[in-house]
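Undergrad: Quick one, what's the 3D model for this:
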Amino acid sequence: MTNLAALKGTPVLGIDVWEHAYYLKYQNLRADYLEAVWNVLNWEEISSRYKAALPKKPGTFDLWPMLGAFHKVMSATFHPMEEGDLQPIKTRSGEMAQRAGEVASSPIPAPFNTPDIAAAVKRLKKDSKALDKLVKKQGTDEQIKSSLTALHDVFHSIVGLCRDENH
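TA: Next comes the predicted model:
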C-alpha cells in the first residue's frame, strides 16, 4: 500500500468508486454500481493475488543453509549422472563429502531436530565419504552410479523428513 497507510500490505482487489467509473450506466446510483460490481469480478485472479500476497513460509534450505549448500553439489552431480555424465561427481566428490561434513557439524534446526533426521545426517556424512573414497580409488562407473544414487536417496529422505513427508 502507499506510504501513507498505517497498515502495510498488498492490494488484491480495487474498486473504482469515483463518479467517472459508473456515471454513464448508473448515473448517481453508486450503491447499485457497487452491488453489480461483485458479479463481474474475476474471483480466480483475486484468489491468486491473495495467495501471492500471503507471507511465505521459510523453506527447508532457508532454515538449514548447510543442507542447501549440500543440495547444490548434489544437484550439480546427480542430474548429469542421470544423463550418463559422471565427470561432475568424479571432480566434485571431495566437495560433496566436505559439504556433508558441514551439514553434520551444523546444528540441526529446531523444527527438524528429530532422531530420524539426526541418523540420516550421519548416514549422509558416512556415505559421502565412502563415495569420495570410491571415486579416488577409481571405482567402476556402475559402482559410482550406485553409490551416488543411494546418497541421493539419503539426501531426499532428510528433506522429506523435514517436510514431514513419509520417505
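Undergrad: List the residues that contact residue 154.
TA: 120, 123-124, 127 (CB atoms under 8 Å, 6 or more residues apart in numbering). The C-beta positions use only the backbone N, C-alpha and C, and glycine is treated the same way.
Undergrad: contact partners of stretch 136-144?
TA: The contact list for stretch 136-144 (CB under 8 Å, 6+ apart) reads 81, 86, 89-90, 93, 131, 134-135, 147.
Undergrad: Inside helices: which ones of the contacts of residue 154?
TA: 120, 123-124, 127 (DSSP state H).
Undergrad: Need those in CSV (columns: distance to residue 106 and neighbour count).
TA: Shown next, in CSV, are these (distance: CB to CB, whole Å; neighbours: other CB atoms under 10 Å):
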residue, distance to residue 106, neighbour count
120, 14, 21
123, 16, 19
124, 12, 25
127, 18, 21
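Undergrad: picking that back up, and the contacts of stretch 136-144, which two are the farthest apart?
TA: Maximum pairwise distance among the contacts of stretch 136-144 (CB to CB): 13.3 Å, between 81 and 134.
Undergrad: what about residue 147, how many neighbours?
TA: Residue neighbour count, defined by other CB atoms under 10 Å, stands at 21 for residue 147.
Undergrad: how far does whichever strand or helix holds it sit from the chain's center?
TA: For residue 147, the host element (DSSP states H and E) is helix 141-162. Centre-to-centre, helix 141-162 and its host chain are 19 Å apart (CA atoms, centre = their mean, to the nearest Å).
Undergrad: Thank you kindly, that will do.
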